[in-house]
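# need a 3D model of the following:
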Amino acid sequence: MEVSGAEPHEGWFRSVLAGAIAAGVVAAVAIGWWWQLDDPSHATAPTETLPAATVDAVVPPATAAGGPALPATATEAPGIEAPPSAAPPPVQQSIDEWLRGASGATGTDTALVTLLELWDVDPPAPDAQACRYVADQGLRCEHQLGSWGLLRALNRPAILDLVDSRGNPHQVVLAGLDDAHATLRIGTEARTYAQEDVNRHWFGEFLLFWRPYPGAAELMMPGTHSEGVRWLREALVGLQGGNDAEGEPATYDDTLVERVRTFQRDRGLRADGKAGVRTLIALAAVLGEPQTPVLRNGG
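This is a model prediction of the structure:
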């Protein structure tokens, strides 16, 4: 077949020349072989035969059998096993799944026992009225409707009234709180969730315990005269500085009204100048009562 641009005569010549050379080589080999047979003195000395094991070691099996030669390979060093991959952390259940799965342990009685445990108070008898029992321990029950900000100001563990996605109520103890997360307890199990997740199940209702100062009423206001007012004034002077030399220390006067308002503003409470339950709990939290559980250290 003619190829464009090739020299046909030169290609033909090369083919003939290659054939002649090959024929000459074959003839020379044949003559040499015949000559050795005819003259034993030209016979080649016998070659030393290697043991089969040696041959196998030198020549790969495929080569010895006439098969294609295998490329030489370096001896593989024992590999270093990679450390096993760490198992991914288990995905925490959503708060809704947790509530529905623990529905048998989210009743009021269980929550009260958990909250009393945080106050280091033994649980009441099964037939006891809870808040009456709490009062016998020197504490008070306080039911409130509020927000995370109020709970931070009061800084006391509380029972939250939660509702799951099926409308079932649950009482869960709020045991810890920071700026974005809430730690909840059901019995002995505690889990931390983002506050925005808890908000889907909480509408602001909570119950907490607090310890009133002996002799202080649960509401003190201008004109009140008592030892509780004296304690209130001394506590605020200790926090805010200065002195209230004028007037009667045990009387709720205008100077004390302004001190109470300042404290309420600092704690994010309604600044009405009256020392009610919220103000008294927040004040006790700042003063750091001994043997009193808190939601967050530092107030």
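
# quick one: residue 282 from residue 151, how far?
Applying C-beta to C-beta, to the nearest Å, the value for residue 282 to residue 151 is 11 Å. Just so you know, the C-beta spots here come from the backbone N, C-alpha and C atoms, and that holds for glycine as well.

# equivalent analysis for residue 169, please.
From residue 169 over to residue 151 the distance is 19 Å, taken as C-beta to C-beta.

# and these two? Which one has more around it.
With neighbours defined as other C-beta atoms under 10 Å, residue 169 and residue 151 compare such that residue 151 has more, 22 against 15.

# would that one count as being in a helix?
Yes - assigned with DSSP: H, G, I helix; E, B strand; the rest coil, residue 151 falls within a helix.

# low-confidence bits of the stretch 101-250 of the chain, can you list those?
Counting by pLDDT under 70, the stretch 101-250 of the chain contains no low-confidence residues.

# hang on, residue 204 packs against residue 145?
Yes - with contact defined as C-beta atoms under 8 Å, residue 204 reaches residue 145; the gap is 4.9 Å.

# that's a strand at residue 175, yeah?
Yes - per three-state DSSP, residue 175 lies within a strand segment.

# residues in contact with it?
By C-beta atoms under 8 Å, 6 or more residues apart in numbering, the residues touching residue 175 are 118, 157, 183, 184, 185, 190, 295.

# 7 Å instead?
118, 157, 183, 184, 185, 190 (C-beta atoms under 7 Å, 6 or more residues apart in numbering).

# out of the residues you listed, which end up buried?
Buried members of the contacts of residue 175, scored by 16 or more other C-beta atoms under 10 Å, are 118, 157, 183, 184, 185.

# of these, which pair is most distant in space?
Distance extremes for those: the farthest pair is 118 and 184 at 12.7 Å, using C-beta to C-beta.

# ok, residue 158 touching residue 172?
No - in this structure, residue 158 is not within contact of residue 172 by C-beta atoms under 7 Å, at 9.7 Å.

# so which of these two has more stuff around it?
residue 172 (28 against 25).

# and the more buried one, what helix or strand is that in?
strand 169-177 (DSSP states H and E).

# all helices for the stretch 101-250 of the chain, in order.
108-118, 130-136, 148-154, 195-198, 227-240 (DSSP state H, counting those that start in this stretch).

# as TSV, these with distance to residue 210 would be great.
Formatted as TSV, the helices of the stretch 101-250 of the chain follow (distance: least, C-beta to C-beta, whole Å):
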stretch	distance to residue 210
helix 108-118	12
helix 130-136	10
helix 148-154	8
helix 195-198	22
helix 227-240	15
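
# which one of those lies closest to residue 275?
Of all the helices of the stretch 101-250 of the chain, helix 227-240 comes closest under C-beta to C-beta, at 5.7 Å.

# the closest one packs against which elements?
helix 254-266, helix 277-287 (3 or more C-beta pairs under 7 Å, 6 or more residues apart in numbering; DSSP states H and E).

# which of these is buried the deepest?
Ranked by mean neighbour count, the helices and strands packed on helix 227-240 are led by helix 277-287 with a mean of 20 (mean count of other C-beta atoms under 10 Å).

# nearest to residue 215, out of the helices and strands packed on helix 227-240?
Nearest of the helices and strands packed on helix 227-240 (C-beta to C-beta): helix 277-287, 12.2 Å.

# helices or strands next to that closest one in the packing?
Packed next to helix 277-287, using 3+ C-beta pairs under 7 Å, 6+ apart, are helix 148-154, helix 227-240, helix 254-266.

# what comes up buried for the first one?
The neighbour-count check on helix 148-154 (16+ other C-beta under 10 Å) flags 148, 150, 151, 152, 153, 154 as buried.

# and if you look at stretch 207-218?
Neighbour-count burial for stretch 207-218 [16+ other C-beta under 10 Å]: 207, 208, 209, 210, 211, 212, 213, 216.

# ok, now stretch 97-113?
98, 99, 100, 102, 105, 106, 110, 111, 112, 113.

# just to revisit the earlier point, redo the contacts of residue 175 as a markdown table? Include distance to residue 176.
Formatted as a markdown table, the contacts of residue 175 follow (distance: C-beta to C-beta, whole Å):
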| residue | distance to residue 176 |
| --- | --- |
| 118 | 10 |
| 157 | 8 |
| 183 | 3 |
| 184 | 9 |
| 185 | 9 |
| 190 | 8 |
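
# circling back to that earlier point, more crowded one of residue 204 and residue 145?
residue 204 (14 against 10).

# show me the contacts for the more buried one.
Residue 204 neighbours (C-beta under 7 Å, 6+ apart): 145, 146, 147.

# and of those residues, the nearest to residue 278?
Taking these together and measuring to residue 278 by C-beta to C-beta, the closest member is residue 146, at 8.4 Å.
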